[in-house]
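In: attaching a predicted model along with its sequence, questions to come.
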Amino acid sequence: MANKAQIVAASWGVKTSFHSLVALLVAGAVIGVFYLTRDAEQPPPLDEDRAAILRSSAEMASPAPAPSTSMSALERECDLFSGRWVFDNVSYPLYKEQECKYMSDQLACEKYGRTDLRYQQWRWQPHGCDLPRFNVTALLERLRNKRLVYVGDSLNRGQWVSMVCLVESAIPPNLKSMSFKHNNSLIIFRASEYNATIEYYWAPMLVESNSDDPFNHRVPDRIVRVQAIEKHARHWSDADILIFDSYLWWRRPQMKVLWGSFGSPDGIYKDVMMPRAYEMALNTWSDWLEVHVNRSKTQVFFVSMSPTHERAVEWDGDDGQNCYAETEPITKEEYWGSGSDLAMMRVVESVVDRLKARGLGVQILNITQLSEYRKEAHPSIYRRQWEPLTKEQEAKPISYADCFHWCLPGVPDVWNELLYAHIFQNRTQRLERRVEGL
């Protein structure tokens with residue numbers, strides 16, 4: 001305002017006498033009041049743009065009674081992964097198993113005889129905030145002309161199936177399709193109206209291994225090439241949103257590592273203790289990301305370890321039992337089972353932190369603790385059995401109960417609700433930074 005007053009004073013030819021100075025100060029004060037009043041009524045364009053962007057991002061999620069869909073500043077600061085499970089048979093499940101055209105028989109527990117369906121009706125409630133309500137239209141708009149790709153093992157495939165089931169009911173039959181490529185390693189769900197794809201790529205170790213065949217991957221001696229990833233990475237190098245996971249296949253005391261190529265007489269094999277072998281593979285993964293990921297375009301997520309429930313004694317159940325016949329979640333706060341390895345979790349955090357220091361942000365979807373509580377949500381015996389059961393197995397169901405994967409609808413839907421929240425949170429933060437840089 002002082003500059004404007006000086007310009008006005010100069011144009012009037014006011015001299016620098018005491019009275020002129022007083023007059024000048026009075027004039028400046030009047031002008032200042034005028035502009036402050038005007039600014040109070042009409043915020044500057046920069047603030048208008050920021051408000052419009054934040055308002056637009058909030059409107060991307062439709063209003064609902066509970067949980068809310070908008071993401072306030074408080075919610076963005078809230079730890080969405082810390083909370084409790086609340087039974088909610090009004091809002092959940094978010095879709096019906098039998099109505100999802102692309103449901104996997106490995107996860108279709110109701111289809112294969114499970115009658116207690118409460119596992120479908122639990123909502124994750126973070127402490128101090130709400131998860132934004134999953135809005136299919138908002139997500140598809142966000143994915144317009146984009147690729148969202150899940151990369152990893154069968155747990156990540158389950159999360160991919162969940163995401164497809166969450167969105168496919170909103171798409172007319174003639175505007176959606178599923179295709180399989182590269183010996184079925186890559187599965188692509190396409191929403192043609194949006195030119196959007198939701199894909200899954202089979203890479204259980206992330207790096208190259210002798211378990212890379214999506215069908216014939218059960219081998220007695222697992223071998224990994226911890227320095228080789230390009231065979232896989234070329235199939236998801238141009239993705240806009242990447243969701244990785246790799247944990248379950250590394251659960252062993254040591255891993256056989258190959259330096260060289262499979263079938264090469266010059267290959268060097270060495271047994272490497274865990275979690276060192278895991279760290280070596282993740283370092284290769286992070287090096288690839290640092291070089292190839294477009295930081296201004298691609299969002300990268302890493303899903304933390306998915307818990308198993310193989311020892312009922314750990315949640316005060318009977319010794320020798322597992323998740324078979326369980327019907328209720330664990331209620332003990334901060335329960336942690338022996339199937340979740342903190343040392344491996346620290347490896348992931350360390351690798352991600354080093355990536356961040358090099359200028360590439362990877363968001364960890366920390367689903368471990370919230371999933372630890374859900375001992376009752378696994379398929380157990382209620383899934384397709386790929387091989388005929390023996391008489392011994394039929395006589396003892398706990399011997400073949402699947403306590404690794406998750407029924408759908410169920411826990412992986414919440415993983416995707418968390419992913420949804422972070423996709424839109426990161427979008428809002430990027431837009432805010434862009435506005436602040438104007």
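Out: Sure thing, it's come through.

In: drop to CA atoms for contacts and neighbour counts, all remaining ones
Out: Fine.

In: okay, strands next: where are they in this structure?
Out: Assigned by DSSP state E, the chain shows strands spanning 83-87, 122-126, 147-152, 176-181, 186-191, 196-202, 208-209, 223-225, 241-244, 254-259, 268-273, 299-303, 363-365.

In: quick one: residues in contact with the third one.
Out: Contacts to strand 147-152, defined as Cα atoms under 8 Å, 6 or more residues apart in numbering, come from residues 156-157, 160, 196-206, 236, 238-246.

In: so what are the sheet partners of that strand and their directions?
Out: Using DSSP bridges, the strands paired with strand 147-152 are strand 196-202 (parallel), strand 241-244 (parallel).

In: ditto for the last one
Out: In the sheet containing strand 363-365, the strands it pairs with under DSSP bridges are strand 299-303 (parallel).

In: which pLDDT does the model give the residue nearest to I187 when sequence neighbours are not counted?
Out: Spatial nearest neighbour of I187, chain neighbours left out: F180 (4.6 Å); criterion: Cα to Cα, 6 or more residues apart in numbering. Looking at F180, its pLDDT reads 97.

In: contacting residues for F180?
Out: Taking Cα under 8 Å, 6+ apart, we find F180 in contact with 186-188.

In: now render these as a markdown table, adding neighbour count, distance to D105 and pLDDT.
Out: Output for those, formatted as a markdown table (neighbours: other Cα atoms under 10 Å; distance: Cα to Cα, whole Å; pLDDT from 0 to 100):
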| residue | neighbour count | distance to D105 | pLDDT |
| --- | --- | --- | --- |
| L186 | 21 | 18 | 98 |
| I187 | 22 | 16 | 98 |
| I188 | 21 | 18 | 98 |
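
In: which of those sits closest to E376?
Out: I187 (29.0 Å; Cα to Cα).

In: any idea how far that closest one lies from L175?
Out: 17 Å (Cα to Cα, to the nearest Å).

In: report the buried residues of stretch 131-138.
Out: By 16 or more other Cα atoms under 10 Å, the buried positions in stretch 131-138 come out as 131-136, 138.

In: of the residues you listed, closest to T308?
Out: L131 (24.6 Å).

In: surely that closest one and E417 touch.
Out: Yes - using Cα atoms under 8 Å, L131 is in contact with E417, at 7.3 Å.

In: which ones are touching S261?
Out: 225, 267.

In: same check, this time on Y247
Out: Contacts of Y247 (Cα under 8 Å, 6+ apart): 205, 304-306.

In: let's have the residues you listed in CSV, adding pLDDT and distance to G152.
Out: Listed next are the contacts of Y247 as CSV, based on pLDDT from 0 to 100; distance: Cα to Cα, whole Å:
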residue, pLDDT, distance to G152
M205, 98, 7
S304, 98, 12
M305, 97, 12
S306, 98, 12
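
In: CSV for those, including neighbour count?
Out: CSV is the format used below for the contacts of Y247 (neighbours: other Cα atoms under 10 Å):
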residue, neighbour count
M205, 27
S304, 21
M305, 24
S306, 24
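
In: adding distance to K332, write the strands of the chain out as CSV.
Out: Output for these, formatted as CSV (distance: least, Cα to Cα, whole Å):
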stretch, distance to K332
strand 83-87, 10
strand 122-126, 15
strand 147-152, 30
strand 176-181, 41
strand 186-191, 38
strand 196-202, 34
strand 208-209, 39
strand 223-225, 38
strand 241-244, 29
strand 254-259, 32
strand 268-273, 33
strand 299-303, 23
strand 363-365, 22
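
In: between those, which one is closest to G410.
Out: The nearest among the strands of the chain, by Cα to Cα, is strand 122-126 at 7.9 Å.

In: tell me what that closest one is packed against?
Out: In terms of contacts (3 or more Cα pairs under 8 Å, 6 or more residues apart in numbering; DSSP states H and E), strand 122-126 is packed against strand 83-87.

In: enumerate the positions of the strand it packs on that are buried.
Out: Buried residues in strand 83-87, counting neighbours by 16+ other Cα under 10 Å, are found at 83-85, 87.

In: tell me the one among the residues you listed nearest to G320.
Out: Within these, proximity to G320 (Cα to Cα) peaks at W85, which comes in at 26.6 Å.

In: how much space separates the residue nearest to that closest one when sequence neighbours are not counted from M344?
Out: Nearest residue to W85 in three dimensions, chain neighbours excluded: W124, at 4.7 Å (Cα to Cα, 6+ apart). Noted for W124: a distance of 25 Å to M344, by Cα to Cα.

In: between those two, tell me which one has more neighbours.
Out: Shown here are W124 and M344; by other Cα atoms under 10 Å, W124 has more neighbours (24 against 20).

In: just give me the neighbour total for E326.
Out: 19.

In: in this structure it contacts E376, no?
Out: Yes - with contact defined as Cα under 8 Å, E326 and E376 form a contacting pair (4.7 Å).

In: mind listing the helices for the stretch 101-250 of the chain?
Out: For the stretch 101-250 of the chain, helices defined by DSSP state H, counting those that start in this stretch occupy the ranges 136-142, 154-168, 230-233.

In: got the contact list for S177?
Out: For S177, counting by Cα under 8 Å, 6+ apart, the contacting residues are 189-191.

In: just name the shakiest helix or strand of the protein by mean pLDDT.
Out: The weakest-scoring helix or strand in the chain, judged by mean pLDDT, DSSP states H and E, is helix 45-59 (a mean of 31).

In: can I get stretch 380-400 in CSV? Just the C-alpha atoms.
Out: Provided in CSV are the C-alpha atoms of stretch 380-400 (Å, rounded to 0.1, in the frame of the first residue of the first chain):
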residue,chain,number,x,y,z
SER,A,380,-10.2,-71.9,5.5
ILE,A,381,-11.8,-75.0,3.8
TYR,A,382,-14.4,-72.9,1.8
ARG,A,383,-12.6,-72.5,-1.5
ARG,A,384,-11.9,-74.4,-4.7
GLN,A,385,-9.4,-77.2,-4.1
TRP,A,386,-7.1,-77.6,-7.0
GLU,A,387,-6.2,-81.1,-6.1
PRO,A,388,-8.5,-83.9,-4.8
LEU,A,389,-8.5,-84.2,-1.0
THR,A,390,-7.1,-87.3,0.6
LYS,A,391,-9.2,-89.2,3.1
GLU,A,392,-6.8,-88.0,5.9
GLN,A,393,-7.5,-84.4,4.9
GLU,A,394,-11.3,-84.9,4.8
ALA,A,395,-11.1,-86.4,8.3
LYS,A,396,-9.1,-83.4,9.6
PRO,A,397,-10.2,-80.1,7.9
ILE,A,398,-7.6,-78.0,9.7
SER,A,399,-4.9,-79.9,7.7
TYR,A,400,-5.9,-78.2,4.5
